[in-house]
Each structure stands twice: as C-alpha cells, then as structure tokens.
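Visitor: I'd like to go over a predicted model; first the sequence, then the structure.
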Amino acid sequence: MTPVTPDGADRPAPSRRTALGLGAAGVAAGAIGATLGRLTAPAPGPLPVGGGSPTGGSTAGVHPFVGEHQSGITTPVQDHLHLAAFDMSSRATREDLVALLQEWSYAASRLTQGLDVSASGAVAGPLTAPPDDTGEALGLPASSLTITIGLGPTLFELDGVDRFGIADRRPPGLAPLPPFLGDVLKAEASHGDLCVQACADDPQVAVHAVRNLSRIAFGRAHVRWSQMGFGRTSRTTADQATPRNLFGFKDGTANVLADDDAALAESVWVASGDEPAWLTGGSYLVARKIEMLMETWDRVQLGEQQTIVGRDKTIGAPLSGGTEMTAPDFDVEVDGAPAIDVASHVRLAHPDNNGGARLLRRGYNYVDGSNALGRLDAGLFFLAYVRDLEQFVTVQRTLSTDLLNEYVRHIGSATFAIPPGARVGGFVGETLFA
Ligand SMILES: C=CC1=C(C)c2cc3[nH]c(cc4nc(cc5[nH]c(cc1n2)c(C)c5CCC(=O)O)C(CCC(=O)O)=C4C)c(C)c3C=C
Ligand SMILES: [Fe+2]
C-alpha cells in the first residue's frame, strides 16, 4: 500500500530509491522556498499504517513499526545491530521528552519503510539549509530495519529527582542489575535514560537510523554510549539457521521463538495483570557487553571447549546425544560422569536449573578493534528480552560457577523498559503519559 505522508496527506512519499530521481524537483521546490529544512523532524502526523511498500510494491524487508508489540524483539533476527543509549539533557522538560518520543516514532515509522527521515529528507529540501536526513542510506531499501525504543531506570528518577514527573510510573522491577561475581563494568558502556536498538540486514541502514534519531534528539538528549554488532548470535524463528559466536559455537539453539505464543506470554511480554498497566504488551531489555578472551580460548583443546559449553562444536548437539534440537538430558552419564558437566554453560543456563526462567536472547558479536597487545577487543553484546528482569538475575546468578567464566568478562550493563508498540497515530511511550 502507499505509505501515508508525514502530514497525513494522501500523496506518496518518495522512497530512498526514488528520492535521487526526484532530487531535481526537490531542489526546485526548495529554490522557490516551499519549506525550510529543519534539523529535527517536523511535528509528527499520524503514524503510517504498517507494511508500506516504498520499494516498488514489494513489502519484503519491511517490518511495520506500529503494532501491539514493538518490532525488533520477535522479528527474525537481522545480521546487524547499532544500539545507542541516550541521556536526557539537564535542561530537558517533560514536554521535551514527549516530543522526542513522538518525533522518534514518526521518524522510525518512515525509516523502517525505507523512507528518508522526513518528507524533504536528504535531497528534497532547500539548498540553503542542512538536509533533514544525512543521506547515507539513499538508494538503499528498508533492509528489514527495526527500531526498538526503551526507557531506562534513570528516566523515571535520577538521584532522587523526578525530572519528568514520571517517578510514580516507574515499573517496580526496573532498576540497574545488581552486581554479579566477576563484573568489571565500565560506566562508558553502561546504563542510560533511553535506548534505541536498530537492527537491519545492512549495517549502513542501522547506523543511518541511529545517527538520524540522534540528530532529532539534539538539545534534548545525547548519546551516552553505543555499540555496533554483527553476526547475530541467536535465532528468533524456527526457520532461521543457528549462527555461531566468536568462540565458534552455535549460539541461540534453545531460544524463545516468535511462534511460541505460550512461551512469549510466559517469559517475554508484560501481561495485563502485571505492574505497571501502561507497560502491558511491552517487555524489558537487558544489555550486557561481555568481553571474550579470544586468545586464551583459542588455546583450549576442542574436547575441553565442548565440556565448557556442554554442546558439540560441529552440529551443536548436547553432549548427552542427539542432534542440535534434541533437548539436553542431564541424567546421561559417560564412564560414570555426567555427559553434560555440572559446571557447563548449557547445564547452568537451562531453565531446569533456574526455576523455569527463560530469556529471549537477541545478541550480537562485536569487535571494537584490537588492544595495545594486538589482542582482539571483542566479545558478545548480549541482549535479552524478558517479562521480568528477575529472569535474567536468576540465570546470571546461577552462572557464577560457569566454566565459561574463565574466558569472559562482563564490562557493560544496562536495563530498559520496552513500551508496547505504537498505535497508528500514536507513539512509543504514549501509554506512560496517558
Ligand atoms: C545470563 C544469561 C546468559 C549469559 C550472560 C550468557 C553468555 C554467553 N553465552 C555464550 C554461549 C552460549 N550460550 C548458550 C546457551 C544459553 N545461554 C543462556 C544464557 C546466557 N548466556 C541460555 C539461557 C542458554 C540456553 C540454555 C538452554 O536452555 O539450553 C549456548 C548453547 C546454544 C544455545 O542454546 O544457544 C552457547 C554456545 C557465550 C559465549 C556467552 C558469553 C560471552
Ligand atoms: Fe549463553
């Protein structure tokens, strides 16, 4: 269907693919002074109905921004990530926060359809003003882009100050994670008032999204830290192949999947009886930056690597036998010893060992270059969506005796409440202010 334009007019907006062709017309319009370009997106109109078809009638690679839940959670995991955490500026008001969430939602609804950030976008505005859109995604399709917006604990209250009049709306469970054994957290990779998770098939599209949402935030919020990720380390649909992490193991085999409504209701979506009511249909995001000591791991024998994980490296089968999708059997013994070591990662992380706690994992590999010793500065940017942050706390505490701990170091940590999806004409976070 034809995407609704930002001002709600029934006229097709130029897609990034046609924008270049329309450039001359845009310049002409700019030359006669039709509109002045703006740094921030214009006041948001009704959000486009999901499933617009900017790329010539195909909706392939377009995930609707509006809906019951935000996209980017159960959406088939894309290969690339750019996640940014933001802090509100010290002068920002409640009105600034609401306007920012509205403008982000408006821009996100366009970007996820493969459109520029605003109608005048990268090249259809006047020559006398900076373009609304930075332009590096011109000519690129929507690329399965999803933009997921989260609200951090400090947004609700910072050092006892209720900056935005929402302290009494804070989800009771929304707080920074407690310290865990072995944590070496860095402030520059932790926490934040807000977050934007952009996932896409093309890294340029994900970076473009975060960059343009950051521009929109200018003067109201600024990036506190951001992380790029590649090579998804999970799957969220049964037909997605399980990828490998940087230790070479299949990662994401036993995940909560998009078609498992019962598991999603039990473990991912905030339910109508949960507190607070405004978060119904939402979720919580845990982000942990976990450094992986690659060179140390690479010197470990294959058999020992498998013992540590609890799975076979070739096909990802549990060491109790079977194929990748066979459930691990913790009672199986080989030569009088458990086939799956009692301190193996899979055994400790399994719901049976954690009172049934499950996580929807959606993490990515990261490489931030190399350190002064020439060692890879790399690891897993672990992302998990849960109905209650206690699910993560339970599993992470159990992992305190994990054999894997010798090879990993948690260096970043953040938690966010993920509001429900925006309705057409609404915005993400609207229920918080209702
Ligand atoms: C607290 C939660 C978890 C952290 C932190 C974590 C870090 C981490 N994991 C791997 C590699 C693998 N994890 C695997 C399974 C797995 N991991 C968690 C949780 C955390 N992992 C869970 C809940 C599970 C599933 C357990 C189950 O139900 O069987 C696997 C096996 C394949 C799979 O099922 O995904 C691997 C491999 C690394 C390298 C790592 C830190 C860097
Ligand atoms: Fe794991």
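Guide: Perfect, thanks for sending it. Numbers count the residues shown, from 1 in each chain. Ligands and ions are numbered 1, 2, ... in the order given.

Visitor: Tell me which stretches of the stretch 251-400 of the chain form helices.
Guide: 261-267, 294-297, 302-309, 345-349, 390-398 (DSSP state H, counting those that start in this stretch).

Visitor: is ligand 1 contacted by the longest one?
Guide: Yes: shown here: helix 390-398 in contact with ligand 1 (Cβ under 6 Å from any ligand atom) through 392, 395-396. Where you see a C-beta, it was placed from the backbone N, CA and C, and this is true even at glycine.

Visitor: residues making contact with that helix?
Guide: Identification of contacts with helix 390-398 by Cβ atoms under 8 Å, 6 or more residues apart in numbering yields 173, 177-178, 180, 267, 286, 348-349, 353-355, 357-359, 384, 386.

Visitor: I'd like the distance from the following helix or strand past it to the chain centre, please.
Guide: For helix 390-398, the succeeding helix or strand toward the C-terminus, using DSSP states H and E, is strand 408-418. Relative to the mean C-alpha coordinate of its chain, strand 408-418 is positioned 12 Å out (Cα atoms, centre = their mean, to the nearest Å).

Visitor: Let me know the angle separating strand 408-418 from helix 390-398.
Guide: 170 degrees (axes from the mean of the first three to the mean of the last three Cα atoms, to 10 degrees).

Visitor: Tell me which residues touch Arg387, please.
Guide: Arg387 touches 266-271, 274, 283-284, counting by Cβ under 8 Å, 6+ apart.

Visitor: my bad, should have said Arg170
Guide: Contacts for Arg170 (Cβ under 8 Å, 6+ apart) come out as 153, 156-157, 276.

Visitor: Ok, Ala327 next?
Guide: If a contact means Cβ under 8 Å, 6+ apart, then Ala327 has Pro318 as its contacts.

Visitor: Would you check that Ala263 makes contact with Leu257?
Guide: Yes: counting by Cβ atoms under 8 Å, Ala263 touches Leu257, with 7.4 Å between them.

Visitor: And these two? Which one has more around it.
Guide: Using other Cβ atoms under 10 Å as the criterion, Ala263 and Leu257 rank with Leu257 on top: 18 against 15.

Visitor: if I look at Leu302, how far off is Ala262?
Guide: For Leu302, the distance to Ala262 under the criterion Cβ to Cβ, to the nearest Å works out to 37 Å.

Visitor: More neighbours: those two, which one.
Guide: Leu302 (11 against 8).

Visitor: how about low-confidence regions in the stretch 1-150 of the chain?
Guide: Where the stretch 1-150 of the chain drops to pLDDT under 70, the residues are 1-15, 17-59.

Visitor: which residues in it form strands?
Guide: Per DSSP state E, counting those that start in this stretch, the stretch 1-150 of the chain has strands spanning 80-88, 146-151. These are given in chain order.

Visitor: Looking at the chain, which helix is longest?
Guide: Of all segments of type helix in the chain, defined using DSSP state H, the longest is helix 94-111.

Visitor: Can you name the residues of this structure that neighbour ligand 1?
Guide: Counting by Cβ under 6 Å from any ligand atom, the residues of the chain close to ligand 1 are 245, 247, 249-254, 288, 290, 292, 309, 311, 345-346, 349-351, 359, 379-380, 382, 392, 395-396, 399, 408.

Visitor: Of these, keep whichever come out buried.
Guide: The neighbour-count criterion (16 or more other Cβ atoms under 10 Å) marks 245, 247, 249-254, 288, 290, 292, 309, 311, 345-346, 349-350, 359, 379-380, 382, 392, 395-396, 399, 408 among those as buried.

Visitor: The closest residue to Glu406 other than its chain neighbours: neighbour count?
Guide: In space, not counting the residues next to it along the chain, Glu406 is nearest to Thr296; the distance is 7.6 Å by Cβ to Cβ, 6 or more residues apart in numbering. Using other Cβ under 10 Å as the criterion, Thr296 is surrounded by 12 other residues.

Visitor: same check, this time on the one 4 residues further on
Guide: The burial count assigned to Val300 is 15, neighbours taken as other Cβ under 10 Å.

Visitor: Out of the strands of the stretch 1-150 of the chain, which is the most enclosed?
Guide: By mean neighbour count, with neighbours taken as mean count of other Cβ atoms under 10 Å, strand 146-151 ranks first of the strands of the stretch 1-150 of the chain at a mean of 27.

Visitor: can I get the CA coordinates of it in PDB?
Guide: As requested, C-alpha coordinates have been extracted for strand 146-151 and formatted as PDB (Å, rounded to 0.1, in the frame of the first residue of the first chain):
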ATOM      1  CA  THR A 146      13.500  -2.400  13.100                       C
ATOM      2  CA  ILE A 147      13.800   0.400  15.600                       C
ATOM      3  CA  THR A 148      13.000  -0.500  19.200                       C
ATOM      4  CA  ILE A 149      12.800   2.200  21.800                       C
ATOM      5  CA  GLY A 150      13.500   1.600  25.600                       C
ATOM      6  CA  LEU A 151      13.200   3.700  28.800                       C
END
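
Visitor: neighbouring contacts of stretch 266-273?
Guide: Contact partners of stretch 266-273, identified using Cβ under 8 Å, 6+ apart, comprise 69, 73-74, 256, 265, 279-284, 357-360, 385-387, 391.

Visitor: Hmm, Ala175 is touching Pro153, no?
Guide: Yes: assessed by Cβ under 8 Å, Ala175 is found in contact with Pro153 at 5.2 Å.

Visitor: more crowded one of those two?
Guide: With other Cβ under 10 Å as the criterion, Ala175 and Pro153 differ in neighbour count, and Pro153 comes out ahead with 21 against 14.

Visitor: centroid residue for this protein?
Guide: With distances taken as Cα atoms, centre = their mean, Gln197 lies nearest the centre of the chain, 3.5 Å away.

Visitor: Now that one: which helix or strand?
Guide: In this structure, Gln197 is located in strand 194-200 according to DSSP H and E.

Visitor: partners of that strand, with directions?
Guide: Using DSSP bridges, the neighbouring strands of strand 194-200 in the sheet come out as strand 80-88 (antiparallel), strand 146-151 (antiparallel).
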